[in-house]
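Participant: Quick one: sequence plus predicted model below, questions after.
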Amino acid sequence: MPSPRTRPATVLLLASALAAVGLGPAAAPAAAATVPVGSGSYSDTRPPGTSGPTTNTGTPVTPKVTAAAKNRPVPTNDWWSSLAFQRYGDNPYSTPMYGHPLTYQATAGGLDVGYPTSPTIVGDGRQYEYAHKRDLTIGLTGLNSPDTKADDWSDWTVTPYWSDGARTLRTTIGHGSPFVYAKGSGGNAQITTAGAPTVFADQGNVLGITVAGHHYALFAPTGSDWNVAGSTVTAGLGSKDYFSVAVLPSTGALATFKKYAYSFVTGSKVTWNYSGGTVGATYTLTTEAKEGGERGTLQALYRHQWLHTKDPLTSYTYVSPRGTMKVREAASFTTSQKASAVLPALPKSNGVDAARLRGYLNDVVNASDPFSGASDTYWTGKALGRLAQLVPVADQIGETAVRDRMLGLMKGKLQDWFTAGGANEFSYDKDWKTLTGYPASYGSDTELNDHHFHYGYYVYAAAIIAQYDPAWAADSAWGGMVKTLVRDTANPSRTDTAYPFLRGFDVYAGHGWASGHQGFAAGNNQESSSESTNLSTALILWGSATGDTSLRDLGTFLLTTESESIAQYWFDADEQVFPSSFGHDTAGMVWGSGAAYATWWTANPEEIHGINVLPVTGGSLHLGGEKAAIRRNIAEMERENGGPAVEWRDLLWEFESFADPATAKAKWDAGHAGYTPEEGESKAHTYHWINTFAALGAPDATVTGDIPTSAVFTKGTTRTYAAHNHGSTARTVTFSDGKTLSVPARSTATGSGTGSTDPDPDPDPDPEPPTGNTFQLRGGGVLTTATGGTAGSDTIASAGGTNRDGTPYQPLVYQVRGVNGTLTPGAGTAFRLQVDAGTTVGLGQQARVSYDFTGDGSFDRTETYHYFATDPVTGWEEYTQARGLKASTGSLGNLDGGTVRLEVWSAIGNGTSKLQTGTDKSVLVIPYS
């Protein structure tokens, strides 16, 4: 285990082809010891004495796939990778796989399926888990397979395969899918339950059963009949080979799920686009009709997805470790987000003293070893990143000699690694179709861990070099090797035969995974989400510097998507994801089963909180969009630490500066003299960062520019606009609030902007402009002043038999942003909500209304109302503010681009209820004009 200041991570990832998409030279590695790529090269064999992928006992392994898939690059670092990577020699099937809402594990008899709905707290309160627990096994009568292999896969679905010689079984599973689609031969369909099931519906070939409190529907071909014998349920398939199983959100959903039970999902694909400061994505499932003509389907959206879609959603929901999942009744959905801001460096400001900065820069460039003895891919990458951050900073103050010395150091180190045959090199593994750097570290070779972490630093450094020396970055020079690393970690091609599609990024989960093999009971994991976004930032900067807009836009999609996932799943920014029993405001690691207040190497709170901050770069600006979460994060760190940061003080000062620049500067002023920088940091960078934010203000995520390399900072009421133009001609950047900024060629510009300011700078507005003070509730979590909606309902999750009075628990959340209003003297919040508990006894629904006056992510006023006890008679009842205020924080004030949020949850009881949407009978009225 490394020293306390190092960070062993957990995962895997990337050498030749696809000139068609501009990501490298030839199609597959040449059959020679050294494969030339421009001025560089890599090896097609590992250096003597090194290892590639192995089991945990050191036995070499090759991908565990069927003959049909043997020539396809295996997407390691995925939620299901243990199907293909046998990390443990005694388990030829899989470890638990977390698709959400369902969980899976392959066994000799088929596919174990579970639906964990209650979290457990483990590790002395430091981890919450919705751990896989088998409800049932999907198989065939008599099936006893010696192993399970990956037979097919697409962007977020996979098909495991079993065969014992007499019987074969394939099941298709995926993120967001409530269905498991099975095809089998040689035996009858067989469902084996964990306990004797309760049958709630029997329609012959359609059977509804309840197991461990979870409702499932079994669908056999028309003409078949399910037979229940204890915990074994079977159905003959006749001349057919298909059947499906679905987890139901309620027994009443059976008819809807039956409609789509024979529309089998055969593939999944995401497409993305960037335009004018907005990132759009479309998630599509392809299907095959096994019976009838239905080709639609049902899919559950994660929180980071449904927050950003306007597509209609049903009232069905599922529990997951990522918060509530909402169900879409269609084969596709789209999302739209403001693009996350990126700059090569923070811009020049009058808050930085050039002479002082010059001294700090000289300390770095004149060090006896600027690379601090780094020899492996990770620590070399960290050292490259430290230098790369300072190149534009030196350039800002006219220190061109220092700038060029740092560029020379970076070029020399990259060229050393980009040339096969020396002490450092990259080697291609033809079996795993990956490029591994040697010396390797933290399992990047034997487990294929962390390639996106390690190589992101290399691509980032190369992007900074390309900004100043385009010739170095040409494919015929060193750019070809840079693109080869990109193909290993973030390949946009699905047809490349040398590398898999987006190895390090799970497009549906919305973030990267670190473990190459996923061989853990808790599923896959990612610790340093910020090192994942470092690669995305590098793609944006490299694509911008080299004119590769496709790669630039890929990076923008990855960064923008993961920034929302980080906010929700690592920082619980909306306080809607972490179970109340977890007791932490941040997670150091996210697992398939949940999250942990931990790192791989230490329990030091500074490093738990800092690991998802480093490296701090111009690609970290998205963190400034969640200022309230940062304040909670820093406060918890100081509580757990017994005081302010000591070891990683520089990182945590920079982190605090995203929310409170003046406070961060005060800490720097008081403590900069006697500390050792974190390995990827320098006093030059920390000084420049903190003092620039102190002068310009924190990032303002409410305004975006129409190129990816642009950002806005706000101090008080003053906005500063910044953009970098990588192009060879001047251009004008237009911001979403109507301001423009002229930016010379190959330069960064800042200013107050010209032109009029749009009072509502949101390029992705709510369905109708928020004018007026009466808001209707709409499916998908929307509050809108628009009328004429379609009546519907959302399901309020059960309180689970626990008293939740006053504390939101899996609430329905409705929100509107960009609201302007003057507080009406003497007025107060009002609402009328139509709720229905059906025939369930003892339920009570509760509401909380929150106001963020300026839209900065910090709620200034919250109002929690006494709950409303519903009757056990089917029909709508009206819950209003007349129940009385139970608790409040803050005072009401005027709204200036503010956010209004309504949360509704079950305060008591053990059953779900419904909340009416889409009508003028369920409304929130705010006291503003």
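Facilitator: That came through fine.

Participant: Show me where the stretch 101-250 of the chain has its helices.
Facilitator: In the stretch 101-250 of the chain, no helices are defined using DSSP state H, counting those that start in this stretch.

Participant: now do the stretch 701-850 of the chain
Facilitator: Counting by DSSP H, counting those that start in this stretch, the stretch 701-850 of the chain contains no helices.

Participant: Strands of that one, residue ranges please.
Facilitator: Using DSSP state E, counting those that start in this stretch, the strands found in the stretch 701-850 of the chain span residues 710-715, 718-725, 731-734, 740-743, 747-751, 774-778, 782-784, 792-796, 812-821, 830-836, 844-852.

Participant: how about those strands, which one is nearest residue 908?
Facilitator: Ranking the strands of the stretch 701-850 of the chain by distance to residue 908, with Cβ to Cβ as the measure, places strand 844-852 first at 4.3 Å. For the C-beta atoms, the positions are set from N, CA and C on the backbone; glycine is no exception.

Participant: Can you convert the strands of the stretch 701-850 of the chain into CSV and add a column each for distance to residue 253, mean neighbour count and mean pLDDT?
Facilitator: Shown next, in CSV, are the strands of the stretch 701-850 of the chain (distance: least, Cβ to Cβ, whole Å; neighbours: other Cβ atoms under 10 Å; pLDDT from 0 to 100):
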stretch, distance to residue 253, mean neighbour count, mean pLDDT
strand 710-715, 45, 24, 97
strand 718-725, 48, 23, 97
strand 731-734, 47, 18, 97
strand 740-743, 51, 20, 96
strand 747-751, 54, 18, 97
strand 774-778, 21, 23, 91
strand 782-784, 23, 21, 89
strand 792-796, 10, 22, 92
strand 812-821, 18, 22, 90
strand 830-836, 16, 20, 93
strand 844-852, 21, 24, 95
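
Participant: Adding distance to residue 386, write these out as a markdown table.
Facilitator: Conversion of these to a markdown table gives the following (distance: least, Cβ to Cβ, whole Å):
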| stretch | distance to residue 386 |
| --- | --- |
| strand 710-715 | 22 |
| strand 718-725 | 20 |
| strand 731-734 | 29 |
| strand 740-743 | 27 |
| strand 747-751 | 20 |
| strand 774-778 | 48 |
| strand 782-784 | 44 |
| strand 792-796 | 49 |
| strand 812-821 | 37 |
| strand 830-836 | 53 |
| strand 844-852 | 37 |
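
Participant: Between those strands, which one is closest to residue 352.
Facilitator: Per Cβ to Cβ, nearest to residue 352 of those: strand 747-751, 12.7 Å.

Participant: and the direction of the closest one versus that of strand 710-715, what angle?
Facilitator: 30 degrees (axes from the mean of the first three to the mean of the last three Cα atoms, to 10 degrees).

Participant: what's strand 747-751 in contact with?
Facilitator: 343-345, 347-349, 392, 396, 696, 720-725, 741-743 (Cβ atoms under 8 Å, 6 or more residues apart in numbering).

Participant: which regions of this protein sit below the pLDDT cut-off?
Facilitator: 1-32, 756-771 (pLDDT under 70).

Participant: Next, residue 730: phi, psi?
Facilitator: phi -60, psi 150 (degrees, to the nearest 10).

Participant: what about the residue nearest to residue 447 when sequence neighbours are not counted, how many residues close to it?
Facilitator: Closest residue in space to residue 447, ignoring its immediate chain neighbours: residue 516 at 4.9 Å, by Cβ to Cβ, 6 or more residues apart in numbering. When neighbours are counted by other Cβ atoms under 10 Å, residue 516 registers 32.

Participant: sorry, back to before: between the strands of the stretch 701-850 of the chain, which gets nearest to residue 303?
Facilitator: By Cβ to Cβ (comparing all of the strands of the stretch 701-850 of the chain), the closest turns out to be strand 812-821, at 9.2 Å.

Participant: and the angle from that closest one to strand 774-778?
Facilitator: 150 degrees.

Participant: which secondary structure elements does strand 812-821 contact?
Facilitator: If contacts are counted by 3 or more Cβ pairs under 8 Å, 6 or more residues apart in numbering; DSSP states H and E, strand 812-821 sits against strand 774-778, strand 782-784, strand 895-908.

Participant: Can you check which of these gets nearest to residue 375?
Facilitator: The nearest among the helices and strands packed on strand 812-821, by Cβ to Cβ, is strand 895-908 at 48.9 Å.

Participant: Doesn't residue 86 lie inside a strand?
Facilitator: No - using DSSP: H, G, I helix; E, B strand; the rest coil, the secondary structure at residue 86 is coil, not a strand.

Participant: what's it in contact with, if anything?
Facilitator: 55, 61, 64, 92.

Participant: can you do 10 Å?
Facilitator: Residue 86 is in contact with 53-56, 59, 61-64, 92-94, 147-149, 517, 519, counting by Cβ atoms under 10 Å, 6 or more residues apart in numbering.

Participant: Could you do residue 694 as well?
Facilitator: So residue 694 contacts 349, 351-352, 657, 661-666, 668-669, 715 (Cβ under 10 Å, 6+ apart).

Participant: Residue 609 should be in a helix, yeah?
Facilitator: Yes - assessed by three-state DSSP, residue 609 belongs to a helix.

Participant: For it, grab the count of nearby residues.
Facilitator: For residue 609, using other Cβ under 10 Å, the count is 27.

Participant: now swap in residue 878 and tell me
Facilitator: 14.

Participant: now it, nearest residue through space, not along the chain?
Facilitator: residue 832 (5.5 Å).

Participant: try residue 143
Facilitator: residue 167 (4.9 Å).

Participant: and the gap between that neighbour and residue 912?
Facilitator: 39 Å (Cβ to Cβ, to the nearest Å).

Participant: repeat for residue 447
Facilitator: 42 Å.

Participant: is it fair to say residue 689 lies in a helix?
Facilitator: Yes - the assignment for residue 689 by three-state DSSP puts it in a helix.

Participant: How many residues are close by it?
Facilitator: For residue 689, the neighbour count with other Cβ under 10 Å is 27.

Participant: That's all I had, so thanks and see you.
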